[in-house]
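J.: okay, sequence plus prediction incoming.
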Amino acid sequence: MSAASGSAAAGSLPGDPPGGRRAVAVWCIGVAVYFVAVIFRTSLGVAGLDAADRFEVNASALSAFSILQLLVYAGMQIPVGLLVDRLGTKKVLAIGAVLFTAGQLGFAFSPSYGTALGSRALLGCGDAMTFISVLRLGSRWFPVRRGPLIAQFAGLVGMAGNLVSTLALAPLLDGIGWTAAFAGSAVAGVVVLVLLLFFLKDHPEGHEPEPLPHLGAAYVRRQITASWREPGTRLGLWVHFTAQFPAMVFLLLWGLPFLVEAQGLSRAGAGALLTVVVLSNMAVGLVYGQIVARHHGARLPLTLGTVGATAVLWAVTLVWPGAHAPLWLLIVLCAVLGACGPASMIGFDFARPANPPERQGTASGITNMGGFVASMTTLFAIGLLLDASGGNYGVAFSVVFLLQALGVSQMLRLRGRVARIERERLVASRVETVHVPV
C-alpha cells in the first residue's frame with residue numbers, strides 16, 4: 001500500500017491543509033464574526049415582550065420581525081454560497097459584518113415598526129453571510145478528517161453567542177434601556193470587522209483554490225444544479241430542516257413568551273431555562289462532533305433520535321394536565337431542545353462528502369437553507385395560531401409536529417440512496433490509492 005493509501009486510511013487526503021496553530025488563529029477570527037452575528041440574530045429572543053410594548057404590536061406582527069429576518073437569511077443562502085466559492089471567505093465575511101452591524105444599530109434607533117422591520121432584514125442579510133463562510137474557512141485550513149468536529153465547534157461558538165444575548169442583553173435592557181443596549185452591542189460588530197480585515201486569510205500558502213469561471217448565469221446554474229443532484233446535499237437539507245427549527249423558534253422568539261405567559265414563570269426564571277437550552281447545545285455539540293468524526297454510520301440515528309426525543313417532550317409538555325407543566329419537565333424539555341442544533345449540523349456531514357471543494361459553499365448554502373425555512377414557517381404559523389386561538393400555546397405549537405413529520409419522511413426516503421453512493425465512492429477511493437507492485 002502506498003503512502004497515499006496510508007493517508008486515506010487516517011482520514012486525510014493528498015493535498016489536505018496542514019491545520020496547526022495558525023489555522024486555529026485564523027479560524028478563531030472567522031468564528032468571532034459568526035459569534036457576534038448570532039448575538040445580534042438572537043437579541044430579539046430576550047426582547048420580544050419589550051418589542052411588543054415599544055412598537056405596540058400583536059403576536060403576528062411581533063413574529064414578523066423574526067420571519068422577515070429568517071426569510072432574508074434563507075433566501076441569501078444559495079447566493080452567499082456562490083459568492084463564497086467565487087470571492088472567498090474574507091470578502092464575504094467583511095460585507096456581512098458591515099450589514100449586520102448596520103442592522104443592529106438601525107434597530108436601536110428605529111422610531112417605528114416599519115423601520116425596525118427594515119433593520120432586522122438588513123441584519124438577516126449580513127448574518128446570512130457568516131456561517132457558510134466559516135464552514136468554508138474551516139475546510140480550507142484544516143484536514144478533511146477534522147470537518148465534522150470543526151463544524152460542530154462552529155455551531156458551539158454560535159450557541160455561545162446565544163448565551164451572551166440571553167445573559168447579558170436582558171439585564172442591559174432592564175438597566176439602560178432599549179436604545180443604549182442595542183446601540184452598545186453594535187460596537188462588537190465594528191471590533192470583529194477590524195480584526196478580519198487585518199488578520200484573516202482565506203487559505204494557507206500552497207493551498208490556493210483553482211480559479212473559477214466568471215460568476216455568470218451559466219456558472220450559477222451549473223453550481224446549483226450539480227449540488228442539488230447529489231442526494232447527499234438533499235439529505236443534508238432535510239436533516240437541517242427537521243432538527244434545527246424547534247430550538248431556533250424557541251430561542252429566537254417564542255420561548256420566553258411561552259414560559260412566561262403559558263407556564264407562569266418569571267422573566268428571570270424563563271431566561272434561566274433559555275440558558276439551559278444553550279448550555280445543553282454546547283455540551284451535546286462536543287459529543288456529537290466526536291461521535292460523527294469517528295463513526296459516520298451514527299449520523300442518521302443521532303438525528304432521528306434527537307427529533308424523536310424533541311417531539312415526545314413537546315407533546316408531554318403541551319398536554320400535561322393542569323395549568324402549568326412542572327418545572328422538572330420544562331428543564332428536561334429545554335435540555336433536549338439543546339440537542340437540536342448539534343443534530344442539524346449533521347446535515348453538513350452529508351452534503352460535504354457529496355460535493356467537490358469548488359462546490360462546498362453552494363452545497364452548504366442549500367443545506368443551511370433547510371432549517372431556516374422551517375424556522376420561518378413555524379414562527380409565522382405560531383403567530384397566526386396564537387392570535388386565532390386567543391393565545392393558546394398548545395394549539396400554536398402543534399405545528400412543530402407537522403414539520404417534523406415532513407422532514408423525517410424525506411430523510412427516510414433519501415437515506416438508502418445516500419448510503420449506497422457513499423459506499424461506492426469509498427470503494428473507488430480505496431482502489432485509486434492502492435499501489436500495485438510490478
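T.: Right, received. Where do you want to start? Note that the coordinates shown come from a computational prediction; the quantities given were computed from them, not determined experimentally.

J.: pull the residues that contact stretch 194-206.
T.: Outside stretch 194-206, the residues within contact range by Cβ atoms under 8 Å, 6 or more residues apart in numbering are 17-18, 22-23, 25-26, 29-30, 32-33, 88-90, 93-94, 97, 137, 140-141, 209. For the C-beta atoms, the positions are set from N, CA and C on the backbone; glycine is no exception.

J.: could the C-alpha coordinates of it be exported in CSV?
T.: Taking Å, rounded to 0.1, in the frame of the first residue of the first chain, the C-alpha atoms of stretch 194-206 are listed here in CSV:
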residue,chain,number,x,y,z
VAL,A,194,-11.4,45.4,12.1
LEU,A,195,-9.9,42.0,13.1
LEU,A,196,-10.9,40.2,10.0
LEU,A,197,-9.8,43.0,7.7
PHE,A,198,-6.3,43.0,9.2
PHE,A,199,-5.7,39.3,10.2
LEU,A,200,-8.0,36.9,8.3
LYS,A,201,-6.7,35.0,5.3
ASP,A,202,-8.7,32.7,3.0
HIS,A,203,-6.2,29.8,2.9
PRO,A,204,-2.7,28.8,3.8
GLU,A,205,0.2,29.2,1.4
GLY,A,206,0.4,26.5,-1.2
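
J.: and that stretch, what's buried?
T.: Residues of stretch 194-206 classed as buried: 195-196, 200-204 (neighbour count, 16 or more other Cβ atoms under 10 Å).

J.: just checking the distance from it to the centre of its chain.
T.: Computed by Cα atoms, centre = their mean, to the nearest Å, the chain-centroid distance of stretch 194-206 equals 23 Å.

J.: same question, stretch 270-277
T.: On Cα atoms, centre = their mean, the centre of stretch 270-277 falls 19 Å from the chain's centre.

J.: contacts for that stretch?
T.: 45-46, 163, 166-167, 170, 247, 250-251, 255-256, 259-260, 263, 265, 330-331, 334-335, 337-338.

J.: out of the contacts of stretch 194-206, which are inside helices?
T.: 22-23, 25-26, 29-30, 32-33, 89-90, 93-94, 97, 137, 140-141 (DSSP state H).

J.: contacting residues for residue 127?
T.: By Cβ under 8 Å, 6+ apart, the contact set of residue 127 is 37-38, 40-41, 69, 73, 96, 100.

J.: tell me which of those is nearest to residue 178?
T.: residue 40 (14.6 Å; Cβ to Cβ).

J.: who are the contact partners of the closest one?
T.: Residues in contact with residue 40 (Cβ under 8 Å, 6+ apart) are 100-101, 103-104, 123, 127, 185-186, 189.

J.: for the stretch 151-300 of the chain, which segments count as helices?
T.: Taking DSSP state H, counting those that start in this stretch as the test, the helices found in the stretch 151-300 of the chain are 170-176, 178-185, 187-199, 217-229, 231-249, 255-257, 267-294, 299-319.

J.: looking at the ones you listed, spot the one closest to residue 157.
T.: Across the helices of the stretch 151-300 of the chain, closest to residue 157 is helix 267-294 (Cβ to Cβ), at 9.0 Å.

J.: so of the ones in helices among the contacts of stretch 194-206, which two are at opposite extremes in space?
T.: Across the ones in helices among the contacts of stretch 194-206, no pair lies farther apart than 22 and 97, at 21.8 Å, counting by Cβ to Cβ.

J.: which of the two has more residues huddled nearby?
T.: Higher neighbour count among residue 22 and residue 97: residue 97, with 28 against 12, using other Cβ atoms under 10 Å.

J.: could you count how many residues lie near the spatially closest residue to the more buried one that is not a sequence neighbour?
T.: Counting by Cβ to Cβ, 6 or more residues apart in numbering, the nearest residue to residue 97 once its immediate chain neighbours are dropped is residue 193, at 4.2 Å. Residues lying near residue 193 (other Cβ under 10 Å) number 19.

J.: ok, residue 193 - contacts?
T.: Per Cβ under 8 Å, 6+ apart, neighbours of residue 193: 33, 94, 97-98, 101.

J.: apply 10 Å and report the result again.
T.: Residue 193 is in contact with 33, 36, 93-94, 96-98, 100-101, counting by Cβ atoms under 10 Å, 6 or more residues apart in numbering.

J.: give me whichever of the helices of the stretch 151-300 of the chain is most buried.
T.: With neighbours defined as mean count of other Cβ atoms under 10 Å, the helices of the stretch 151-300 of the chain peak in mean count at helix 231-249, which reaches a mean of 28.

J.: that one to helix 217-229, inter-axis angle?
T.: 80 degrees (axes from the mean of the first three to the mean of the last three Cα atoms, to 10 degrees).

J.: my guess is residue 184 meets residue 108, correct?
T.: Yes - with contact defined as Cβ atoms under 10 Å, residue 184 counts as touching residue 108 (8.3 Å).

J.: give me the distance between residue 293 and residue 54.
T.: 45 Å (Cβ to Cβ, to the nearest Å).

J.: just residue 350 next, same as before
T.: For residue 350, the distance to residue 54 - Cβ to Cβ - is 42 Å.

J.: settle it for me: which of these two has more neighbours?
T.: residue 350 (30 against 13).

J.: which ones are touching that one?
T.: By Cβ under 10 Å, 6+ apart, the contact list for residue 350 reads 230-240, 296, 299-300, 303, 363, 367, 411, 414-415, 418, 422.

J.: wait, residue 376 touches residue 241, no?
T.: No - using Cβ under 10 Å, residue 376 makes no contact with residue 241, being 11.1 Å away.

J.: per-residue pLDDT, residue 324?
T.: The model reports residue 324 with a pLDDT of 93.

J.: by pLDDT, give me the weakest of the contacts of residue 40.
T.: residue 185 (90).

J.: now do the contacts for that residue.
T.: The contact partners of residue 185, by Cβ under 10 Å, 6+ apart, come to 36, 39-40, 43, 101, 104-105, 107-108, 164-165, 168-169, 172.

J.: possible to save those as JSON lines with distance to residue 401?
T.: Formatted as JSON lines, those follow (distance: Cβ to Cβ, whole Å):
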{"residue": "36", "distance to residue 401": "34"}
{"residue": "39", "distance to residue 401": "31"}
{"residue": "40", "distance to residue 401": "31"}
{"residue": "43", "distance to residue 401": "29"}
{"residue": "101", "distance to residue 401": "38"}
{"residue": "104", "distance to residue 401": "34"}
{"residue": "105", "distance to residue 401": "39"}
{"residue": "107", "distance to residue 401": "33"}
{"residue": "108", "distance to residue 401": "37"}
{"residue": "164", "distance to residue 401": "31"}
{"residue": "165", "distance to residue 401": "28"}
{"residue": "168", "distance to residue 401": "34"}
{"residue": "169", "distance to residue 401": "31"}
{"residue": "172", "distance to residue 401": "36"}
